[in-house]
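> Generate coordinates for the sequence data below:
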Amino acid sequence: MTRRPVVAALLLALALVAGACGVDLDQVPAGTTRPDGSPGTTTGATEPGTAVGAPGYHELSAWEPCADQDDLECATLAVPLDWDEPDGETIDLLVGRKATEGTDRIGSLLFNPGGPGEPGVDFVQDFVDNDLIPEGLDQRFDLVSWDPRGTGGSSPVECTTTEQLEAPGLDPTPDDATETQLLEADIRDSTEQCVAKYPDLIDEIGTMNTVRDLDALRAALGDEQLSYVGYSYGTLIGELYLKEFPAQVRAMVLDGIVLPGTEVIEETENQLQSFEANLDAFLQDCADQRTCFGDGDPVAALSGLIEQMEGGLRIPGDYELGGPGRQGTVGIEELYYGVIVALYAEDSWPILQQALEAAMAPEPDGGLLLYLRDSYQGRDPETGEWNSSSDAFGAISCADQPERSDTPLGDSSLAAELEAEYPFFGELFGTGLPGCFGFPESQEPIEAMGAGDIGGVPPVVIVSSTGDPATPYENGAEIQKVIEGSVLVTWEGNDHTAYRQLSDCVDDNVTPYLIDLAVPEDGLRCDS
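This is a model prediction of the structure:
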């Protein structure tokens, strides 16, 4: 049984699946009612700017305690599978909320954690459990998120089995004919099976439909206007919402900017540059400690480990951390993605250092590296269960982008060019470009936006981190040009997203905006 490969061109086309938060060893991440009556002002893709969620047309089911969730209530919302056919087949979206206990409620504050592919209900629970809620928000808002179509509890795209996920990873940067044939066959088989399994959903899973779902949810919650925080890919949802429904916006925070409609090779190289820079910073920090792996030369040590694993080395990789253990091995695929996920937040660097030290020990132990890779792929260490975020990522990304590779591994010359400039991750990111081999043509690809394309909206707060590996800092300045009247808040750090009790400076300026509409100073820079 082959496992679905994690090919960089597919998984890194927008923003990586780690979403808004870094790695934490303690926490890695009935029924619907559709009332009778006319659709009112509900529209599909043909009338941008009109609210799709007319009250009385899309209604939430009764709130009930969420299954396997503490402190949260859940409901479902039925929305059209195809928004061009609002009275046709529907799809059920899972919605979760932490209702405010405050007496001065403003309304609902909606979150999207990113991905694409990350379920929002689990995100809100993690936000609560890990005390990441910026102070004051839960006293004034119901904190709400939803599992976007194709994810979590909303008709998830599930193509990869547990057996496939737990099998030794194929080399994502093939070096010979045998490795190339194995990877090509795996991509062909997995793509064909996934597309055949979801012939209708694949066409309707794109972000524009999620934007329309979001407006229907806003109305179903009883909010006249949307208050929203989007992280990573969630910023793309927010940007498209601003364009589609400018009059429906009360307040919006976009943290870790994904630019709409960027050509996939350009976007991939931008991310590659950021990840390579963050790895360089990690290795330099490691060298400065003088007690790090590699006898003072961690660059050479990591390069040597990569070379050995590219040559076929696999090391034991058992782990048991707070839940059902897993027995496995670590090779080049597990190494690459274990390193990548730990680069999302600077707080995760000590974990990565420990993982690499163990892998390079005289008796090598890859358990922590395998744990990191598994968290990237969606395994819950407390339950041992895998989510389908990687499958959803591929399907949603390919619904949004118009480019398609002619062959499973794309243009091999691109991988060689990127490897020459970026020695650690270049070949990995370049393999498969432009991606989406075997997926049907995009029905509604995301289009690029230029300066001033979004106007007539309240001030929008943009948050960008200077060392963000997944959504480069420069994206924040670019989207500010697109959104008229927006302000930019800078976090001086090597983290993917910042508005989550990472910085008092960021939180103390963004939270009053969400609550009281007090707009932060444009150009504010925070380093603590």
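
> From here on, just use CA atoms for contacts and neighbour counts.
Will do.

> Am I right that Val124 is in contact with Leu143?
Yes: when contacts are counted by C-alpha atoms under 8 Å, Val124 is listed as touching Leu143 (7.4 Å).

> does Leu409 count as helix, strand or coil?
With DSSP: H, G, I helix; E, B strand; the rest coil as the basis, Leu409 sits in coil.

> from here on, count from 260
OK, 260 is where the count begins now, so the last one is Leu668.

> That one: neighbour count?
24 (other C-alpha atoms under 10 Å).

> Can you list phi and psi of it for me?
When read as degrees, to the nearest 10, the backbone of Leu668 gives phi -100, psi 10.

> What distance do you get for it to Ala444?
Using C-alpha to C-alpha, to the nearest Å, Leu668 is found at 10 Å from Ala444.

> List the residues that contact Asp670.
664, 690-693 (C-alpha atoms under 8 Å, 6 or more residues apart in numbering).

> Recalculate using a threshold of 10 Å.
Contact partners of Asp670, counting by C-alpha atoms under 10 Å, 6 or more residues apart in numbering, are 664, 689-694.

> Now render those as a markdown table, adding distance to Asp767 and pLDDT.
Compiled in a markdown table, these are given as follows (distance: C-alpha to C-alpha, whole Å; pLDDT from 0 to 100):
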| residue | distance to Asp767 | pLDDT |
| --- | --- | --- |
| Ser664 | 45 | 95 |
| Gly689 | 40 | 95 |
| Thr690 | 42 | 95 |
| Gly691 | 43 | 94 |
| Leu692 | 41 | 94 |
| Pro693 | 41 | 94 |
| Gly694 | 41 | 94 |
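
> mind listing the strands in the chain by residue range?
Secondary structure of the chain (DSSP state E): strands located at 323-324, 332-339, 349-357, 366-371, 400-405, 485-490, 508-514, 574-575, 588-589, 720-724, 746-750, 784-785.

> Need those strands in TSV (columns: mean neighbour count).
Putting these into TSV (neighbours: other C-alpha atoms under 10 Å) gives the following:
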stretch	mean neighbour count
strand 323-324	14
strand 332-339	23
strand 349-357	23
strand 366-371	24
strand 400-405	26
strand 485-490	24
strand 508-514	24
strand 574-575	17
strand 588-589	23
strand 720-724	27
strand 746-750	24
strand 784-785	18
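
> Nearest to Ile565 among the ones you listed would be which one?
Ranking the strands of the chain by proximity to Ile565 (C-alpha to C-alpha) places strand 588-589 first, at 11.4 Å.

> How far does stretch 514-534 stretch from one end to the other?
Distance across stretch 514-534, first residue to last, is 18 Å (C-alpha to C-alpha).

> Now for Phe541: which residues touch it?
535, 547, 557-558, 602, 605, 608-609, 611-612, 753.

> top of those by neighbour count?
Going by other C-alpha under 10 Å, Leu602 tops those with 27 neighbours.

> so how far is Gly428 from that residue?
According to C-alpha to C-alpha, Leu602 and Gly428 sit 20 Å apart.

> Also Tyr635?
13 Å.

> Looking at the two, which has the bigger crowd around it?
Tyr635 (24 against 20).

> Just give the number of residues close to the spatially closest residue to the more buried one that is not a sequence neighbour.
In space, and not counting its chain neighbours, Tyr635 is closest to Val600: 6.0 Å by C-alpha to C-alpha, 6 or more residues apart in numbering. If you count neighbours by other C-alpha under 10 Å, Val600 ends up with 22.

> Please look at Val600 and Asp606 and confirm they touch.
No: counting by C-alpha atoms under 10 Å, Val600 stays clear of Asp606, with 11.8 Å between them.

> How far does stretch 687-699 stretch from one end to the other?
Using C-alpha to C-alpha, the two ends of stretch 687-699 sit 24 Å apart.

> May I see the buried residues of it?
By 16 or more other C-alpha atoms under 10 Å, the buried positions in stretch 687-699 come out as 687-698.

> ok, so of the residues you listed, who is nearest Glu377?
For those, the nearest to Glu377 is Cys695 (19.2 Å; C-alpha to C-alpha).

> which residues does that closest one contact?
Counting by C-alpha under 10 Å, 6+ apart, Cys695 touches 268-270, 272, 446, 450, 653-654, 656-658, 660-667, 669.

> ok, now Asn537?
531, 543, 599, 602-605, 726-729, 753-754.

> sorry, back to before: need the strands of the chain in CSV (columns: mean pLDDT and distance to Asp775).
Converted to CSV, those look like this (pLDDT from 0 to 100; distance: least, C-alpha to C-alpha, whole Å):
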stretch, mean pLDDT, distance to Asp775
strand 323-324, 95, 30
strand 332-339, 97, 26
strand 349-357, 97, 20
strand 366-371, 98, 12
strand 400-405, 98, 12
strand 485-490, 98, 12
strand 508-514, 98, 10
strand 574-575, 98, 54
strand 588-589, 98, 50
strand 720-724, 98, 13
strand 746-750, 98, 16
strand 784-785, 98, 21
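
> Just send those strands back as CSV, with distance to Gly643 too.
Formatted as CSV, the strands of the chain follow (distance: least, C-alpha to C-alpha, whole Å):
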stretch, distance to Gly643
strand 323-324, 23
strand 332-339, 23
strand 349-357, 22
strand 366-371, 24
strand 400-405, 23
strand 485-490, 26
strand 508-514, 30
strand 574-575, 19
strand 588-589, 17
strand 720-724, 32
strand 746-750, 35
strand 784-785, 38
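
> wait, which of those strands is closest to Lys740?
Nearest to Lys740, of the strands of the chain and by C-alpha to C-alpha, is strand 746-750 at 9.9 Å.

> That closest one packs against which elements?
When contacts are defined as 3 or more C-alpha pairs under 10 Å, 6 or more residues apart in numbering; DSSP states H and E, strand 746-750 packs onto strand 508-514, strand 720-724, helix 733-741, helix 763-775, strand 784-785.

> quick one: the fourth one to strand 400-405, angle?
So the one you mean is helix 763-775. Counting by axes from the mean of the first three to the mean of the last three C-alpha atoms, to 10 degrees, helix 763-775 points 100 degrees away from the direction of strand 400-405.

> how many degrees apart are helix 763-775 and strand 485-490 in direction?
Using the same axes, to 10 degrees: helix 763-775 against strand 485-490 is 160 degrees.

> Quick one: list the elements packing against helix 763-775.
By 3+ C-alpha pairs under 10 Å, 6+ apart, helix 763-775 packs against strand 366-371, helix 396-399, strand 485-490, strand 508-514, strand 720-724, strand 746-750, strand 784-785.

> Quick one: these as CSV, columns for distance to Thr349 too.
Below are the helices and strands packed on helix 763-775 laid out as CSV (distance: least, C-alpha to C-alpha, whole Å):
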stretch, distance to Thr349
strand 366-371, 22
helix 396-399, 32
strand 485-490, 23
strand 508-514, 26
strand 720-724, 34
strand 746-750, 38
strand 784-785, 45
